[in-house]
Structures are given as C-alpha cells and as structure tokens.
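S.K.: what follows is a predicted protein model with its sequence.
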Amino acid sequence: MGLLDGRCALVTGAGRGIGRAEALLLAAEGACVTVNDVDLSEAQAVVDEIHGAGGSARADDHDISTWTGAGAAVDAVVADGGRLDVLVNNAGILRDAMSFSIDEEQWADVIRVHLGGHAACSHFAGAHWRERSKAGEDVSGRIINTASESGLYGLVGQINYAAAKAGIASMTIVLARELAKYGVTVNAIAPRARTRMTETVLGALLPEEGAFDEWDPANIAPVVGWLASDSAADVTGQVFVVNGDKVHRMSGWHRTGRIANGGRAFTAAELAERATELFGEDSSGLPPMGFGE
Ligand SMILES: NC(=O)c1ccc[n+]([C@@H]2O[C@H](COP(=O)([O-])OP(=O)(O)OC[C@H]3O[C@@H](n4cnc5c(N)ncnc54)[C@H](O)[C@@H]3O)[C@@H](O)[C@H]2O)c1
C-alpha cells in the first residue's frame, strides 16, 4: 500500500533533477505518473526506470510554457487515466544576468517557462477539478508548485528568475484561495539540491563515502509525496524550503511597522520626520538574506 495508490499525477520537467526524483517517489507511492519534459529521451528514461521498479508511468514531451502545450499535457493525463489528481509544477530553466545586462529574450524565456508554465498548467488542472466538482464529484486535487529562495530573498544576477519565483509563491496563495471550494490544495516548495541547474555552485559538494548526501534531489521528493497525499488535505497556501534533512515552513510579507496621520495623508516632510518610527530597531537598508540552517 502506497500513500498515493490510484492517484494520477503530472510532473512537469521530470526528465532530470528534482522533477525526476519527484516522479520516481510518486510512482513508488502508487501513483500513475505522467513524466513530462521537453526532452523526451530523458522523460522516457524515467518512465523506463519506474516500469523497472514495477510502477506505472507514461512520457509526455509537451512544452508546458505555452498554453497549448500545458493544455495538451493535462488533457493527455485525463485521456490516459480518466482524471488528474496531482499536478507538480516543476519545469524550469535559468538565464542568469544582471539587471543592467539582461536582454529581452533572457527575461521573457524565464518568465514564460516558470511563471507562464505554472499559471498555464494550474489553469487547465483547476478547470478540470472545477468541472468534476460541479458535476457532484468529491474532488481531492493537489498542486505543488516550485518556488525558490532566490525569489524569497532576491538573489543578485537573477532578476528574471527571482521575479518568476516570487510570483509563483504569490500565485500559490491565489490558487489556494480560488480552488479550495473545489477540494484542491495548493502549496509550494523552494528546494535546494544538486542538479544540472545548480551544478556550478553545488557540483563539488559531494558527501564522504557512506555519509548522508545533503544535496541529493531525492531528499526533496518526500515533501511532494506528503503534500500530494490525503494526509496533507488541510495544508494549503504554504511555502516550504526543503533541503537535505530539513523542511522549513516560510511565511510571506507581513507588516513590520506602521504609522498613521490622524485622517489626512502625510506630507513628504512629515514622513522624513517620522520615518524612524516605521523601522524601530530594524535596518532601513537591504532586507536580510534568509538562507541558513
Ligand atoms: N536545484 C535547485 O537547488 C533548485 C533551487 C530552487 C528552485 N529549483 C527549481 O526546481 C525546479 C527543477 O529544477 P532542477 O534543479 O531539477 O533543474 P534541471 O535543469 O535538472 O531540470 C529541469 C527540467 O525541466 C525541463 N524543462 C525546461 N523547460 C521545460 C518546458 N517548457 N516544458 C517541459 N519541461 C521543461 C528540462 O528539460 C529539465 O529536464 C525548477 O523549477 C527550478 O527552478 C531548483
């Protein structure tokens, strides 16, 4: 018995890295998994691995960054398994550049794949669940998005990626609010793992023989398995940073200071005078980077 027996899942960008690990885990937990990736040979290799372990999977090579591709990927899952239960939005690319050097294509590609891909797949999955719910079915849908600490803290050199990932964290809350009444939960993870995407930074961080590999993408997948399961039915609108043996629950923008002017707008001079009240003991400069243990 697996946590996800009989569930139909779609994992985007699952031919490599974190998505591959997620697809393997969802299949090991009993789900029938559609392994989506624009690189079909990588997707098929993951499908073969799942079949080899006795699981159920199919490959899909639609480009989920277009609405046509995202719709076709969701439709194919429904045509094959009768329905979709779990959508893991994971596919991604990097086109790092400083804000003063980035070109329009680098900006647009990253926004299209991350922000556009998440929105498009969630749109079609949400429409599918809404239709089933309105037909009287007791739906239990799941969306697990992939944000990044780059978007939470604002990493230098990633204006496109950080903007997309911050948008995904925000989109997660919107989707969670909109889809709750149809029986759908929506959460996001912000992973840290050694993959093609991070090999220049993390590639050298290999564990000692027999030691726990903190950067193995397989460490990320169980959080997705839990969020996809019935045991997380009351978890929604949340963002979790996941790395190694740790899961951090994050909370987003919240008020840290307030001044009011008794029924009329401040003048600029009044603001200059009272600004220190807004900051209290806090710095008025750059917000801290929240990375850490
Ligand atoms: N690795 C990390 O530490 C880290 C940190 C934060 C966030 N993330 C996020 O995790 C996700 C997975 O990244 P990864 O590190 O495994 O990278 P990866 O490059 O190993 O895998 C990404 C996969 O997505 C596929 N893909 C790209 N565009 C696609 C599209 N339009 N349609 C379908 N498939 C597409 C690629 O072919 C690739 O196989 C990404 O969203 C990434 O931004 C990763």
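M.R.: Here it is on my side, so go on. Fair warning: this is a prediction, and the values are worked out from it, not measured in the lab.
S.K.: got the residues of the chain near the ligand?
M.R.: Within the chain, the positions near the ligand by CB under 6 Å from any ligand atom are 12-13, 15-19, 36-39, 42, 63-65, 90-93, 113, 117, 146, 148, 190-193, 195-198. (C-beta placed from N, C-alpha, C; glycine too.)
S.K.: list the residues that contact Gly17.
M.R.: Gly17 is in contact with Ala193, Thr195, Arg196, Met197, Pro217, counting by CB atoms under 8 Å, 6 or more residues apart in numbering.
S.K.: what helices or strands is the longest helix along the chain leaning on?
M.R.: Selection of the longest helix in the chain by residue count, based on DSSP state H, yields helix 159-179. With contacts defined as 3 or more CB pairs under 8 Å, 6 or more residues apart in numbering; DSSP states H and E, the packing partners of helix 159-179 are helix 104-110, helix 117-134, strand 141-146, helix 149-153, strand 184-191.
S.K.: can I get the helix or strand bottoming out on mean pLDDT in the chain in CSV, CA atoms only?
M.R.: Least confident helix or strand of the chain, by mean pLDDT, DSSP states H and E, is helix 199-202 with a mean of 79. C-alpha atoms of helix 199-202 as CSV (Å, rounded to 0.1, in the frame of the first residue of the first chain):
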residue,chain,number,x,y,z
GLU,A,199,26.0,22.1,-10.6
THR,A,200,28.3,25.0,-11.0
VAL,A,201,27.6,26.0,-7.3
LEU,A,202,26.8,22.6,-5.7
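S.K.: give the buried residues for it.
M.R.: Buried residues in helix 199-202, counting neighbours by 16 or more other CB atoms under 10 Å, are absent.
S.K.: need the pLDDT of Asn243.
M.R.: According to the prediction, Asn243 has pLDDT 94.
S.K.: now it, which residues is it bridged with?
M.R.: Asn243 has these beta-bridge partners by DSSP bridges: Lys246.
S.K.: pretty sure it sits against Pro191.
M.R.: Yes. Counting by CB atoms under 8 Å, Asn243 touches Pro191, with 6.8 Å between them.
S.K.: hey, what's in contact with both of the two?
M.R.: Shared between the contact lists of Asn243 and Pro191 (criterion: CB under 8 Å, 6+ apart) are residues Ile220.
S.K.: more neighbours: these two, which one.
M.R.: Pro191 (25 against 18; other CB atoms under 10 Å).
S.K.: if I look at the more buried one, how far off is Ala21?
M.R.: 10 Å (CB to CB, to the nearest Å).
S.K.: give me the common contacts of those two.
M.R.: Common neighbours of Pro191 and Ala21 (CB under 8 Å, 6+ apart) are Pro217, Ile220.
S.K.: which of the contacts of Gly17 sits closest to Gly154?
M.R.: Within the contacts of Gly17, proximity to Gly154 (CB to CB) peaks at Met197, which comes in at 18.3 Å.
S.K.: look up how far Asp96 lies from that closest one.
M.R.: Distance from Met197 to Asp96, by CB to CB: 10 Å.
S.K.: which of the residues in stretch 235-246 are buried?
M.R.: Here stretch 235-246 shows Val235, Thr236, Gly237, Gln238, Val239, Phe240, Val241, Val242, Asn243 as buried, counting by 16+ other CB under 10 Å.
S.K.: before we move on, the earlier item: run the angle between the longest helix of the chain and helix 117-134 for me.
M.R.: Angle, helix 159-179 to helix 117-134, by axes from the mean of the first three to the mean of the last three CA atoms, to 10 degrees: 10 degrees.
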